[in-house]
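Visitor: Pasted the sequence and its predicted model underneath.
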Amino acid sequence: MRTRRPISIDAAGATLRRRIRQHLRSLGYTRNNEGTLVAPAVDKEGYRAVHETQRLERLERRRDLIERAPREFLPCFADGPEIIPGRIDPELRPIVAQTWESALFRFASLLWRVPVSDGFGRRMRFLVWDRGNDRLMGLLALGDPVFNLRARDGLIGWSSAERGERLVNVLDAYVVGAVPPYNALLAGKLIACLLKTQDIVSAFRRKYGAGIGEISGRSKRPRLLLVTTTSALGRSSIYNRLRIDGEQYLESIGFTTGYGHFHIHDELFQQIRAYLRRRRDPYADNNRFGQGPSWRFRAIRQGLASLGMPRGLTQHGFPREVFVCRTAKNGVEILARGTGRPDFGSLKKVEEVGRLAVNRWVIPRASRDLNYLTWRRHQILGVIDTELEKGGRGECGGHAAGS
């Protein structure tokens with residue numbers, strides 16, 4: 001029996017280059033003379049189309065949760081007529097890994113219009129529960145921020161060394177939003193406001209306030225001074241104008257530069273990693289704690305360079321709006337100077353912020369638009385099944401309601 005000759009690195013590289021080019025063309029990308037990607041359409045539909053492959057991959061991987069949903073998860077979601085807007089009373093329920101609540105979080109995140117990351121390093125995940133109507137209202141999750149974020153770093157004005165030392169006091173809100181039918185009542189705005197509460201700062205202090213840095217080995221005694229978040233689909237209609245009684249909850253500070261990796265889906269990323277392993281490149285598996293959420297981006301960029309492809313292919317061309325939540329009134333100044341006593345004096349409890357937001361957004365919306373009353377929880381599985389069917393036929397369809 002004749003043995004199969006191993007494929008050479010050059011042959012594997014040529015095949016992978018073709019796959020990358022074919023994938024980007026399938027998304028509608030073209031390239032300019034400098035090798036930089038030109039996005040097909042920088043609008044909400046363009047964002048959704050580019051994310052479609054990753055979203056379908058995520059749905060396929062979560063089929064076990066989808067199968068459990070009718071019995072275990074759907075009863076937690078509301079039918080529209082069950083909601084009495086004036087009784088909405090949010091509660092943050094912390095999630096412990098490998099629990100039923102964690103599974104519910106993962107299932108609910110399948111409703112988001114773009115794939116939800118599993119988070120990196122430090123993580124605080126919450127179910128936002130409506131105690132007044134006893135139903136799941138939405139999700140909130142914070143994790144380690146990216147090291148380089150131009151809008152944030154420009155606001156603070158710190159050096160690279162200072163950022164490396166003080167970024168421990170910052171988290172990024174990577175999941176913020178309401179599930180149906182609460183999203184139709186502008187409850188996404190309510191949930192975004194919960195970032196600026198005593199409850200979030202206290203949860204951070206309990207979980208990380210006395211921790212030892214895994215890289216430095218030193219106790220940094222971090223305090224949650226600032227939370228960043230970025231819009232999922234370009235300019236955000238949820239995060240803008242988040243002000244109640246003169247208090248600003250989120251503020252826009254600019255846009256990302258359009259670099260990232262979401263246009264490289266998981267299967268293609270694993271092929272890039274396999275190619276780097278064949279070349280014995282440490283970037284293939286250099287994802288230990290401390291590499292942070294930027295690792296995947298750097299691994300893709302390293303893979304492109306090894307393949308002789310322009311690194312500009314990591315510029316997907318879809319800028320996202322960047323927002324900050326000043327949990328400490330003087331948090332930006334402390335991050336810039338490195339010293340100071342945080343001023344958390346203006347923070348309110350979740351219950352109070354919830355009441356203010358219900359009166360500010362939810363009740364007025366409920367009186368103007370009654371469409372939320374037509375929603376039924378069983379529609380969730382119908383939307384997911386439709387997307388999976390379209391994915392199997394190679395089509396791109398609409399998205400379920402989400403953040």
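Guide: Now that the structure is in, tell me what you want to look at. Everything numeric here is computed off the predicted structure, so don't read it as measured data.
Visitor: those strands in this protein, which residues are they?
Guide: With DSSP state E as the criterion, the chain has strands at 30-31, 37-38, 90-94, 123-130, 135-143, 170-178, 226-230, 243-244, 247-248, 251-255, 321-325.
Visitor: For the third one, which helices and strands make contact with it?
Guide: In this structure, strand 90-94 makes packing contacts with strand 123-130, helix 198-208, helix 350-357, judged by 3 or more C-beta pairs under 8 Å, 6 or more residues apart in numbering; DSSP states H and E. Backbone N, C-alpha and C define where each C-beta goes, glycine included.
Visitor: could I get the strands of the chain as JSON lines with mean pLDDT?
Guide: JSON lines is the format used below for the strands of the chain (pLDDT from 0 to 100):
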{"stretch": "strand 30-31", "mean pLDDT": "77"}
{"stretch": "strand 37-38", "mean pLDDT": "72"}
{"stretch": "strand 90-94", "mean pLDDT": "98"}
{"stretch": "strand 123-130", "mean pLDDT": "97"}
{"stretch": "strand 135-143", "mean pLDDT": "96"}
{"stretch": "strand 170-178", "mean pLDDT": "95"}
{"stretch": "strand 226-230", "mean pLDDT": "95"}
{"stretch": "strand 243-244", "mean pLDDT": "94"}
{"stretch": "strand 247-248", "mean pLDDT": "94"}
{"stretch": "strand 251-255", "mean pLDDT": "93"}
{"stretch": "strand 321-325", "mean pLDDT": "95"}
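Visitor: Turn these into TSV, including distance to residue 76 and mean neighbour count.
Guide: Below are those laid out as TSV (distance: least, C-beta to C-beta, whole Å; neighbours: other C-beta atoms under 10 Å):
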stretch	distance to residue 76	mean neighbour count
strand 30-31	44	12
strand 37-38	41	16
strand 90-94	11	18
strand 123-130	9	22
strand 135-143	4	24
strand 170-178	14	25
strand 226-230	25	23
strand 243-244	28	15
strand 247-248	31	13
strand 251-255	33	16
strand 321-325	27	23
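Visitor: for the ones you listed, which one sits closest to residue 370?
Guide: When those are compared by C-beta to C-beta, strand 170-178 sits nearest residue 370, at 17.3 Å.
Visitor: Return the distance of the closest one from the chain's centre.
Guide: Offset of strand 170-178 from its chain centre (C-alpha atoms, centre = their mean, to the nearest Å): 6 Å.
Visitor: Low-confidence ranges, the stretch 201-350 of the chain, go.
Guide: The stretch 201-350 of the chain contains residues with pLDDT under 70 at 211-219, 233-235, 258-260, 262, 286-294, 316-317.
Visitor: For it, which segments count as helices?
Guide: 266-278, 295-306, 331-337, 350-357 (DSSP state H, counting those that start in this stretch).
Visitor: hang on, the earlier thing: compare the helices and strands packed on strand 90-94 and give me the one nearest residue 267.
Guide: strand 123-130 (25.0 Å).
Visitor: Would you mind writing the CA trace of that closest one as PDB?
Guide: Taking C-alpha atoms only, strand 123-130 is exported to PDB below (Å, rounded to 0.1, in the frame of the first residue of the first chain):
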ATOM      1  CA  ARG A 123     -15.400  38.100  33.200                       C
ATOM      2  CA  MET A 124     -18.600  39.200  35.000                       C
ATOM      3  CA  ARG A 125     -21.800  37.900  33.400                       C
ATOM      4  CA  PHE A 126     -25.300  38.700  34.600                       C
ATOM      5  CA  LEU A 127     -28.800  37.700  33.700                       C
ATOM      6  CA  VAL A 128     -30.900  40.800  33.900                       C
ATOM      7  CA  TRP A 129     -34.200  39.500  35.500                       C
ATOM      8  CA  ASP A 130     -37.400  41.400  35.600                       C
END
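Visitor: Mind giving me the packing neighbours of it?
Guide: Strand 123-130 packs on strand 90-94, helix 100-109, strand 135-143, strand 170-178, helix 198-208, going by 3+ C-beta pairs under 8 Å, 6+ apart.
Visitor: Within its sheet, name the partner strands of the third one and how each one runs.
Guide: With DSSP bridges as the criterion, the sheet partners recorded for strand 135-143 are strand 123-130 (antiparallel), strand 170-178 (antiparallel).
Visitor: Out of the helices of the stretch 201-350 of the chain, the one nearest residue 165 is which?
Guide: It is, among these and with distance given as C-beta to C-beta, helix 331-337, at 10.0 Å.
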